[in-house]
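Chemist: can't give you the sequence, but here's the structure:
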Ligand code: CA
């Protein structure tokens, strides 16, 4: 398969970098811009196969960008805020486009990108396999599409925040993540680091009865999840 070209439109540099890196890592060719105006210019220059489009942009917003692209066939995945009204979100999903609500996991976004591209490429064909995305570290398994976590086959009940925290740690297994990174990605803001410590302790308590420790503390820095 030829390399697919993705245009990322996001004004927050941090999110833009993360999305760009993740898509590159998964074999996509990526161009990223910070404004709607630049997005329109970029589409004019190099027609991308798909656009990852933040809704809240300075200047013309994501909706307006999309409206101005209406005569084009390029599919769009919107990045929306949690408080985006439901009917707006519903409207976004019409026409083969999709959306991801912030804060999102990059793996979930990559899965959506693949799914939308597949839909676009194989238009008319029914989607058989669900985009079941499963993260695995040792005997720990997290199914992002079913919101299920198992260790050694035993199901573990997690709150949504615990789930997102674990998913983020698993996606970056072996890497040390700072408390600030965890706050930004899991909670979506730069709040108190104690909240991270609290939730890591909840996760450890739930994982511990089923096997050796997976989440390790990097003193003064943050946490890393790795196979025992
Ligand atoms: Ca934004």
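Modeler: Right, received. Where do you want to start? Quantities reported herein were computed from a predicted structural model and do not represent experimental measurements.
Chemist: Residue 60: what secondary structure?
Modeler: coil (DSSP: H, G, I helix; E, B strand; the rest coil).
Chemist: pretty sure it is touching residue 37, no?
Modeler: Yes. Counting by Cβ atoms under 8 Å, residue 37 is a contact partner of residue 60 at 6.3 Å. Glycine gets a C-beta too; all of them are placed from N, C-alpha and C.
Chemist: which residues touch the closest residue to residue 154 other than its chain neighbours?
Modeler: Excluding its sequence neighbours, the residue lying closest to residue 154 (Cβ to Cβ, 6 or more residues apart in numbering) is residue 210, at 5.7 Å. By Cβ atoms under 8 Å, 6 or more residues apart in numbering, the contact set of residue 210 is 139, 151-152, 154, 156.
Chemist: In strands, which of these appear?
Modeler: The strands, defined by DSSP state E, take in 151, 154, 156 from those.
Chemist: Out of the residues you listed, which end up buried?
Modeler: Neighbour counting by 16 or more other Cβ atoms under 10 Å classes 151, 156 among the ones in strands among the contacts of residue 210 as buried.
Chemist: who in the chain is up against the ion?
Modeler: Neighbours of the ion within the chain, by Cβ under 5 Å from the ion: 11, 54, 56.
Chemist: Can I get the buried part of these as one PyMOL selection?
Modeler: Buried subset of the residues of the chain next to the ion, written as a PyMOL selection, criterion 16+ other Cβ under 10 Å:
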select buried, resi 54
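Chemist: Need the residues of the chain next to the ion in TSV (columns: distance to residue 170, secondary structure and pLDDT).
Modeler: Putting the residues of the chain next to the ion into TSV (distance: Cβ to Cβ, whole Å; DSSP: H, G, I helix; E, B strand; the rest coil; pLDDT from 0 to 100) gives the following:
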residue	distance to residue 170	secondary structure	pLDDT
11	28	coil	96
54	25	strand	94
56	28	coil	91
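Chemist: Now do the strands in this protein.
Modeler: For the chain, applying DSSP E gives strands covering 5-9, 29-33, 50-54, 76-80, 98-101, 134-137, 140-143, 148-151, 154-156, 177-178, 215-218, 222-225.
Chemist: Remind me what the longest helix belonging to the chain packs against, helices and strands.
Modeler: If you go by DSSP state H, the chain has its longest helix at helix 106-121. Packing contacts for helix 106-121, counted by 3 or more Cβ pairs under 8 Å, 6 or more residues apart in numbering; DSSP states H and E, involve helix 13-25, strand 50-54, strand 76-80, strand 98-101, helix 160-171.
Chemist: Kindly recompute the last result at 7 Å.
Modeler: Packing contacts for helix 106-121, counted by 3 or more Cβ pairs under 7 Å, 6 or more residues apart in numbering; DSSP states H and E, involve helix 13-25, strand 50-54, strand 76-80, strand 98-101.
Chemist: Let's test this: mean pLDDT of the third one, rounded?
Modeler: If I follow you right, that is strand 76-80. What strand 76-80 shows for mean pLDDT is 89.
Chemist: How is this structure partitioned into domains?
Modeler: Domains of the chain are assigned by automatic domain parsing as 5-127, 134-225.
Chemist: Out of those, which gets the lowest mean score?
Modeler: domain 5-127 (a mean of 83).
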